[in-house]
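Enquirer: this one's sequence-less:
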């Protein structure tokens with residue numbers, strides 16, 4: 001019986017936990033979790049651990065939370081003989097000297113069919129672009145953003161179109177988790193040859209801000225619906241109403257498209273609780 005590979009997992013938000021669960025179920029539980037430091041959250045700015053840290057503590061796995069991936073962090077990671085690093089939504093650019101520490105390098109799950117939709121927001125950007133062939137890629141990381149050679153890609157079936165960002169991410173993680181579990185032993189046994197991306201075909205996404213969530217209700221209904229679905233997690237969508245010269249922000253929580261018309265179902269008016277629209 002083969003000994004379990006020595007794996008370190010780099011990740012931070014809830015979607016990374018879904019991949020961790022798949023690895024754990026398949027017997028590829030990481031020996032170390034690398035995640036971002038606890039951050040102040042909420043109105044009271046309470047120091048809060050990342051979802052990945054919570055998972056690691058529940059499973060009694062060693063944690064490493066470096067502020068920076070500097071020479072000191074490199075020395076800590078070099079203390080162990082690693083077979084592989086796996087990176088899922090870690091939230092920091094990992095320098096090449098750290099990516100090269102494991103014997104078989106560092107693998108990354110990216111939420112698009114690379115080289116399309118490189119960057120920080122592939123899930124949201126695929127929905128916004130009305131790209132009905134979403135997918136995931138598993139690549140060997142290098143120092144450039146989403147640039148490394150591919151080990152495998154797979155299409156993802158959304159439950160309906162357009163899905164919310166949450167729905168597409170969950171469907172993507174189902175596919176990504178299974179594919180990653182199949183690939184790990186083959187990759188460690190050197191049975192997979194990475195394939196260089198066609199960099200000339202690359203497209204790029206960007207980080208979205210709160211301002212991107214503004215909806216013009218007089219604009220195209222379908223484009224507005226795509227935005228509402230894409231921004232369901234972050235940054236959210238909203239519009240303004242005006243009464244007696246005063247503007248009120250109204251956050252859209254749920255909407256649908258009926259006969260080509262946008263129908264808003266649930267909202268949160270500024271200063272009030274969620275309600276039917």
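Expert: Received the coordinates, thanks. Predicted model only: the values in this text are computed from it and were never measured. Numbering: from 1, shown residues only.
Enquirer: neighbours around residue 157, how many?
Expert: Residue 157 has 11 neighbours, counted by other C-beta atoms under 10 Å. Just so you know, the C-beta spots here come from the backbone N, C-alpha and C atoms, and that holds for glycine as well.
Enquirer: thought residue 170 was touching it, still the case?
Expert: No: with contacts counted by C-beta atoms under 8 Å, residue 157 stays clear of residue 170, the gap being 11.8 Å.
Enquirer: how about residue 100, nearest residue that isn't a chain neighbour?
Expert: residue 106 (7.9 Å; C-beta to C-beta, 6 or more residues apart in numbering).
Enquirer: before we move on, what about residue 201?
Expert: Distances taken as C-beta to C-beta, 6+ apart put residue 115 closest to residue 201, at 5.1 Å, once the chain neighbours are dropped.
Enquirer: swap in residue 64?
Expert: Distances taken as C-beta to C-beta, 6+ apart put residue 34 closest to residue 64, at 4.8 Å, once the chain neighbours are dropped.
Enquirer: quick one: the strands in the stretch 51-200 of the chain?
Expert: Ranges of strands in the stretch 51-200 of the chain, per DSSP state E, counting those that start in this stretch, are 62-64, 84-88, 106-110, 135-140, 150-155.
Enquirer: would you mind getting the angle between the last one and strand 106-110?
Expert: Taking axes from the mean of the first three to the mean of the last three C-alpha atoms, to 10 degrees, one finds that strand 150-155 is oriented at 20 degrees with respect to strand 106-110.
Enquirer: which helices and strands does strand 150-155 pack with?
Expert: strand 135-140, helix 165-188 (3 or more C-beta pairs under 8 Å, 6 or more residues apart in numbering; DSSP states H and E).
Enquirer: pick the most buried one from the ones you listed.
Expert: Neighbour counts (mean count of other C-beta atoms under 10 Å) averaged over each of the helices and strands packed on strand 150-155 peak at strand 135-140, with a mean of 23.
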